[in-house]
Structures are given as C-alpha cells and as structure tokens.
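In: need a 3D model of the following:
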Amino acid sequence: MSYEIAQPLFFALSVPAEVEAIAGQVQDEVRRSIGAPRLSALEDLHVTLAYLGRLDFSIVPVLLGLAEETAARHDRFSLRTAGLGGFPRPGGARILWLGVDPQPALDALVADLWGTLKAGRIGFDGKPFHPHLTLARFREPVAIERVAFTPPEPQLFAVREFGLFQSLQGPAGTRYRLVGSVPLG
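Out: Below is the predicted model:
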C-alpha cells in the first residue's frame, strides 16, 4: 500500500457497523429534509483523539511507537453515542455531528496521548476535546433545530484500540486511510 508524503495524520477511534447504521439513518433524514449536504462516508466515521496535521510519512514509526506506549497504560472501555449537534454552534452549524457521552476512560486516554505527544515533541491541534462523529458538512450555516430528523437511540460500543489515520484529498472529497492501530491494555 502506498502513502502520500505530507498528508494530514491523526489519531482516532473507529466505530462499529452498528454506529455507522445509526449515522446513515440520520444522514438519510437530513438529506431528505434539506437537500444534499456533503455527507461523511460511513466507513470513514471516527472520533478524533489528536489531529497532527501535515507530517512527513517517515515519522509514522515514531508515532505508532508513542501510541503503543499510551495504549498499554489504558484498559478497554465502552462509549455511548449521544445527541446531535453542530459546529460552530447549533443555530448556525456548518458541521452536523453525532455526540459521544462523556466517559472518564476516554478523557484519560486523550490526556495521556496528548502528554505523550508533547513529551515526544510532536505537535498537534490542542483545541478542547469534544468527542463526536462528523455526519455532514453544509456550504451555508444551518440551524440544526430546523432540520427534520428523528433523534437516534443511543448506541453502546466497545473501544479496544485506536489508530493512526491519514487524510487523503480527492475529487470526491476527503477519505481516511488507517495507517496502523494499537490495542488498549
């Protein structure tokens, strides 16, 4: 498998098919309600843990080593999807997301990963952590409360590993490729 040099890299949690199915139902309802936003590919849904930006691909072994160190310190845990929301704000959203309930084990994993990256002198986007799955992007801001959709039932899912992903820009939009994954605990 070939990888492009200096494409954006990030650490994230993948989600199982059950969560993809819920996300797909919401996307279908949003599409029927307001037209054709740019929808995230269901197989690309993820919860970003740390966005690293454009890095030379030669650093991947170092990144995976740091990830392994971090993962070894954390046990597996479960997460549950939560309600829908929008960035930058629900009343004028350009991004529709499916939230993830707060979970101390997830917060501890993210804090540890960020600390490990800092200690390894690896830069990353340190914006406040807000776990979510991006479902759609809108060209013009949309008031989420005006979009017709049935709120999805919360879905519990297991977190057993996390991965390093590469963003690939293409004519059909951005896609994500798993570079490597590390098991928890």
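
In: quick one: strands adjacent to the least confident helix or strand in the chain by mean pLDDT?
Out: The weakest-scoring helix or strand in the chain, judged by mean pLDDT, DSSP states H and E, is strand 38-39 (a mean of 88). According to DSSP bridges, strand 38-39 forms sheet pairs with strand 132-142 (antiparallel).

In: neighbouring contacts of the strand it pairs with?
Out: The contact list for strand 132-142 (C-beta atoms under 8 Å, 6 or more residues apart in numbering) reads 15, 19, 23, 26-27, 30, 34, 37-40, 45-47, 81, 84-86, 92-100. Placement of C-beta: from N, CA and C, glycine included.

In: now the element after that strand, going C-ward?
Out: strand 156-159 (DSSP states H and E).

In: elements contacting whichever helix or strand comes after that following strand?
Out: Downstream of strand 156-159, the first helix or strand assigned by DSSP H and E is strand 161-170. Judged by 3 or more C-beta pairs under 8 Å, 6 or more residues apart in numbering; DSSP states H and E, the packing partners of strand 161-170 are strand 8-14, helix 60-72, strand 173-183.

In: strand 161-170 pairs with which strands?
Out: Note on strand 161-170: by DSSP bridges, its sheet partners are strand 8-14 (antiparallel), strand 173-183 (antiparallel).

In: from the contacts of strand 132-142, which land in strands?
Out: Counted as lying in strands by DSSP state E, out of the contacts of strand 132-142, are 38-39, 46-47, 81, 84-86, 93-100.

In: which helix of the chain spans the most residues?
Out: When the chain is parsed with DSSP state H, its longest helix is helix 17-34.

In: ok, residues contacting that helix?
Out: 15, 37, 39-40, 42-43, 45, 81, 84, 96, 98, 133, 135-136, 138, 142, 147-150, 152-153, 155, 157.

In: by contact count, what packs against the host helix or strand of residue 53?
Out: Per DSSP H and E: residue 53 is located in strand 46-54. In terms of contacts (3+ C-beta pairs under 8 Å, 6+ apart), strand 46-54 is packed against strand 8-14, helix 104-119, strand 132-142.

In: any stretches of the chain with poor pLDDT?
Out: Applying pLDDT under 70 to the chain picks out residues 1-5, 36.

In: beta partners of the residue positioned nearest the centre of it?
Out: Nearest to the geometric centre of the chain sits residue 47, at 2.7 Å (C-alpha atoms, centre = their mean). Assessed by DSSP bridges, residue 47 has beta-bridge partners residue 13.

In: distance of it from residue 70?
Out: For residue 47, the distance to residue 70 equals 15 Å [C-beta to C-beta, to the nearest Å].

In: let me know which of the helices and strands packed on strand 46-54 is tucked in deepest.
Out: Ranked by mean neighbour count, the helices and strands packed on strand 46-54 are led by strand 8-14 with a mean of 22 (mean count of other C-beta atoms under 10 Å).
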